[in-house]
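Structure here, sequence nowhere to be found:
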């Protein structure tokens, strides 16, 4: 409740369950959950509070400052609280430490087994209750010379984050930036298909474990030129470009695969009309191939809408692996398998009538004999949506051919038409010469 309902009166606890008594006597009774002009919030203890928690908080801050060179496990803090003059009972320590972490979050960084945590979650509360030794705290102080860099990075964090910054502190800014990186798709955390700069930025985020070192030592190194560090704005710009490339990599990869898919299926564009026609084509030939992988592919095409999510679904079916586990090899495999499956779909469409389905594509062939027994052969298909265009061009050609036949023999006109067709085919694909 302290994590999920801090802005609600009584933490949203209704009626009188056991935890409400604890809340009223300790949390609200000590004015750690209080209401001000902005509403209900978790606040630090007051000096005039009868429970004397302010002295406990003050001693805890001093203790953590004295050991700020490293992480302090919770049991060491518990020893301080258990000793005179405080004598806090072990049963209350998990509640007190959670309240201390929440009220002092602007100066505390949190770790679980040495790994930096961007925020406290219910999982961490469970660790506090059951295995406090794996949770560590560290007191952080910001030097005045770092303010310019902090301001630039705070502006950058605000650009990327959907959650507005509540405090301009190194911890809050570091958490926001790291949270933004963590939200990038897992493929972007692994792919080698990034620029060197983006890979360097990614490496910094992946090994971040100390907010101050991350903010004021690791990130500025990216803008170093020889012995000279870059300015605060140069550091922020370098982080921005690298992080943006990381965030854009996955959508860009999906769009490339989506374009490839449409091209292999002979879909003329990504318009709503073209996508709907693809859906109908897929539905028309579903259930007649007897091939499980092809049927799965057709099922995803039947619901395909051109969005990144639908492209992701197609790729997942093609490589038979969830997106969070994709690696670069899976993307290469998807491209090849899309081509092969699209070819099977096109073949299936030309024989749809065998299963009593409507022909959604028409297969045509052009064959021309040449010198020394050579032949030019081309096979191609057209979709239902192309028929109107074909008929219009056919009508115009027919009119021209009729004009030519008034001054030349029909065979001459047909020979000229065949030669022009052969030239056109030679400029495209699918032609082969058979000896």
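That came in fine, so what should we check first? Quick caveat: nothing in here was measured; it's all calculated off a predicted structure.

contacts, neighbours, all on C-alpha from now
OK.

Could you measure from the closest residue to residue 42 other than its chain neighbours over to residue 216?
Distance criterion Cα to Cα, 6 or more residues apart in numbering; nearest residue to residue 42, sequence neighbours excluded, is residue 33 at 4.7 Å. Residue 33 is 34 Å from residue 216, where distance means Cα to Cα, to the nearest Å.

Pick out whichever of these two has more residues nearby.
residue 33 (25 against 17; other Cα atoms under 10 Å).

Verify the contact between the more buried one and residue 40 for me.
Yes. Between residue 33 and residue 40 a contact is recorded at 6.9 Å, counting by Cα atoms under 8 Å.

Are there residues contacting both of these two? Which ones?
Contact criterion Cα atoms under 8 Å, 6 or more residues apart in numbering; residues shared by residue 33 and residue 40: residue 6.

Quick check: phi and psi at residue 72.
phi -110, psi 120 (degrees, to the nearest 10).

what's near enough to touch it?
Contacts for residue 72 were tallied using Cα under 8 Å, 6+ apart; they are 64, 136, 137, 138.

next one: residue 123
Counting by Cα under 8 Å, 6+ apart, residue 123 touches no other residue.

Now do the residue nearest to residue 42 against residue 105, distance only.
Counting by Cα to Cα, the separation of residue 33 from residue 105 is 15 Å.

number of nearby residues for the nearest residue to residue 68 once chain neighbours are set aside?
Closest residue in space to residue 68, ignoring its immediate chain neighbours: residue 139 at 5.3 Å, by Cα to Cα, 6+ apart. Residue 139 has 23 neighbouring residues, counting by other Cα under 10 Å.

so which of the contacts of residue 72 would you say is closest to residue 345?
Looking at the contacts of residue 72 and their distance to residue 345, the nearest is residue 136, at 57.2 Å (Cα to Cα).

What helix or strand is that closest one located in?
According to DSSP states H and E, residue 136 maps onto strand 135-139.

how far does that strand sit from the chain's center?
Between the centre of strand 135-139 and the centre of its chain there are 30 Å (Cα atoms, centre = their mean, to the nearest Å).

How about stretch 38-56?
Worked out by Cα atoms, centre = their mean, stretch 38-56 lies 41 Å from the chain centre.

Repeat that for stretch 96-114.
With Cα atoms, centre = their mean, you get 28 Å for stretch 96-114.

Check what pLDDT the residue nearest to residue 68 gets.
With respect to pLDDT, residue 139 scores 85.

Enumerate every residue touching it.
By Cα under 8 Å, 6+ apart, the contact set of residue 139 is 61, 64, 65, 67, 68, 107, 108, 109.

Does anything pack onto the helix or strand that contains the second one? Which helices or strands?
According to DSSP H and E, residue 64 maps onto helix 53-66. Applying 3 or more Cα pairs under 8 Å, 6 or more residues apart in numbering; DSSP states H and E, we find helix 53-66 packed against helix 74-82, strand 135-139.

between it and helix 74-82, how many degrees?
With axes from the mean of the first three to the mean of the last three Cα atoms, to 10 degrees as the basis, helix 53-66 and helix 74-82 are set at 140 degrees to each other.

Quick check: buried residues in helix 53-66?
Neighbour-count burial for helix 53-66 flags 53, 54, 55, 56, 57, 59, 60, 61, 63, 64 (criterion: 16 or more other Cα atoms under 10 Å).

Go through these and name the one nearest residue 81.
Taking Cα to Cα as the measure, residue 81 sits nearest to residue 56 out of the buried residues of helix 53-66, at 7.3 Å.

and that closest one, what does it touch?
Contacts of residue 56 by Cα under 8 Å, 6+ apart are 81, 86.

and residue 194, what are its phi and psi?
Dihedral pair for residue 194: phi -130, psi 160, per degrees, to the nearest 10.

wait, residue 73 sits on residue 133?
Yes. If you go by Cα under 8 Å, residue 73 and residue 133 touch, sitting 5.8 Å apart.

of those two, who's got more company?
A count of neighbours by other Cα under 10 Å puts residue 73 above the other of residue 73 and residue 133, at 19 against 15.

What score does residue 31 have for pLDDT?
We have a pLDDT of 83 for residue 31.

Pretty sure it sits against residue 45.
Yes. Applying Cα under 8 Å as the test, residue 31 and residue 45 come out as touching, 6.7 Å apart.

When these two are compared, which one has more neighbours?
The neighbour comparison of residue 31 against residue 45 (other Cα under 10 Å) goes to residue 45, with 24 against 18.

Just the pLDDT for that one.
Here, the pLDDT recorded for residue 45 equals 87.

Surely it and residue 30 touch.
Yes. In this structure, residue 45 is within contact of residue 30 by Cα under 8 Å, at 6.9 Å.

okay, and the common contacts of the two?
Joint contacts of residue 45 and residue 30 (Cα under 8 Å, 6+ apart) are residue 53.

List the contacts of residue 13.
Residue 13 neighbours (Cα under 8 Å, 6+ apart): residue 20.

Next, it: phi, psi?
Per degrees, to the nearest 10, the backbone of residue 13 is at phi -80, psi 120.

Looking at it now. What's its pLDDT?
pLDDT, residue 13: 80.

Could you do residue 236 as well?
We have a pLDDT of 88 for residue 236.

my read is residue 287 is in a helix, agree?
No. Per DSSP: H, G, I helix; E, B strand; the rest coil, residue 287 lies outside any helix segment and is coil.

Is the residue lying closest to it once chain neighbours are set aside in a helix, a strand, or coil?
Closest residue to residue 287 apart from its sequence neighbours, by Cα to Cα, 6+ apart: residue 295 at 6.6 Å. Look at residue 295: counting by three-state DSSP, its state is helix.
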